[in-house]
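In: Let's see this in three dimensions:
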Amino acid sequence: MKRLFDLVSSLIGLVLLFPVFIITAVLIKKDGGSAFYLQDRVGLNGKTFKLYKFRSMVANADKIGGYSTQVGDPRITKIGKFIRRTSIDELPQLLNVLKGDMSVVGPRPNVPQQVKEYTAEDWQLRNSVKPGITGLAQVMYRSSATMQQRLELDLDYAKRSNLILDIKLVLLTVKQVIVKGGY
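Out: Next comes the predicted model:
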């Protein structure tokens with residue numbers, strides 16, 4: 001049932017948001033470089049996949065700084081600030097959901113280097129569910145969760161994930177994006 005929810009949601013999202021994809025890609029291209037950013041991420045059962053995002057940082061940003069960003073990070077471009085605040089940068093992940101790499105709801109996918117931040121047991125539990133575009137940590141804290149807060153909420157989701165919780169989290173995410181925005 002969750003896979004059907006993911007397929008229908010991602011297809012509807014891709015069709016309805018197609019004009020947003022085109023406009024965003026054109027604006028990023030004007031800023032120079034590729035419109036899309038691909039990065040290795042950890043998926044279900046620790047399998048890596050290529051995550052799709054709109055590029056919100058300068059080219060080669062991961063070589064300039066670390067894999068996470070901070071408020072006011074100078075690597076974030078002008079258009080990048082807007083697409084991050086509105087979460088438009090995450091929209092290409094609908095393709096990851098359609099491919100089956102991700103789910104609409106689940107813990108945000110980690111980069112492989114983050115394995116060192118977890119115990120073996122926590123890493124295994126966290127990766128026992130598909131990563132998602134949004135999850136408990138995003139609903140509770142948006143982009144400001146500490147590592148510990150995110151870990152606790154991701155493990156909580158992995159223990160009690162179900163379709164009703166997913167639908168509730170999608171609705172709360174929409175509210176969160178409209179009310180609070182991002183950075």
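
In: show me where this structure has helices.
Out: 2-16, 18-30, 61-64, 78-85, 93-99, 120-126, 136-141, 147-160, 163-179 (DSSP state H).

In: To residue 105, which of the ones you listed lies closest?
Out: helix 163-179 (4.1 Å; C-beta to C-beta). Backbone N, C-alpha and C define where each C-beta goes, glycine included.

In: Could you figure out how far the closest one is turned away from helix 2-16?
Out: 30 degrees (axes from the mean of the first three to the mean of the last three C-alpha atoms, to 10 degrees).

In: What residues of helix 163-179 count as buried?
Out: 166, 169, 170, 173, 176, 177 (16 or more other C-beta atoms under 10 Å).

In: quick one, what contacts the first one?
Out: It stands for residue 166. Contact partners of residue 166, counting by C-beta atoms under 8 Å, 6 or more residues apart in numbering, are 2, 5, 103, 104, 105.

In: wait, what's in contact with the nearest residue to the first one once chain neighbours are set aside?
Out: Distances taken as C-beta to C-beta, 6 or more residues apart in numbering place residue 163 nearest to residue 2, at 5.7 Å, with adjacent residues excluded. Residue 163 sits next to 1, 2, 5 when contact means C-beta under 8 Å, 6+ apart.

In: For the buried residues of helix 163-179, give me JSON lines that also has pLDDT and distance to residue 147.
Out: Formatted as JSON lines, those follow (pLDDT from 0 to 100; distance: C-beta to C-beta, whole Å):
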{"residue": "166", "pLDDT": "93", "distance to residue 147": "24"}
{"residue": "169", "pLDDT": "93", "distance to residue 147": "20"}
{"residue": "170", "pLDDT": "91", "distance to residue 147": "24"}
{"residue": "173", "pLDDT": "87", "distance to residue 147": "21"}
{"residue": "176", "pLDDT": "80", "distance to residue 147": "20"}
{"residue": "177", "pLDDT": "76", "distance to residue 147": "23"}
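
In: from those, which is closest to residue 11?
Out: residue 170 (14.9 Å).

In: pretty sure that closest one contacts residue 134?
Out: Yes - counting by C-beta atoms under 8 Å, residue 170 does reach residue 134; the two are 6.8 Å apart.

In: between those two, what contacts are shared?
Out: Contacts common to residue 170 and residue 134, judged by C-beta under 8 Å, 6+ apart, are 104, 105.

In: center of the chain, which residue is that?
Out: residue 133 (4.1 Å; C-alpha atoms, centre = their mean).

In: And that one, how far from residue 110?
Out: According to C-beta to C-beta, to the nearest Å, residue 133 and residue 110 sit 14 Å apart.

In: Ok, residue 151 next?
Out: In terms of C-beta to C-beta, residue 151 sits 10 Å off from residue 110.

In: circling back: can you pull the contacts of the nearest residue to the residue nearest to the centre of the chain once chain neighbours are set aside?
Out: Nearest residue to residue 133, sequence neighbours excluded (C-beta to C-beta, 6+ apart): residue 93, at 4.9 Å. Counting by C-beta under 8 Å, 6+ apart, residue 93 touches 51, 52, 53, 102, 133.
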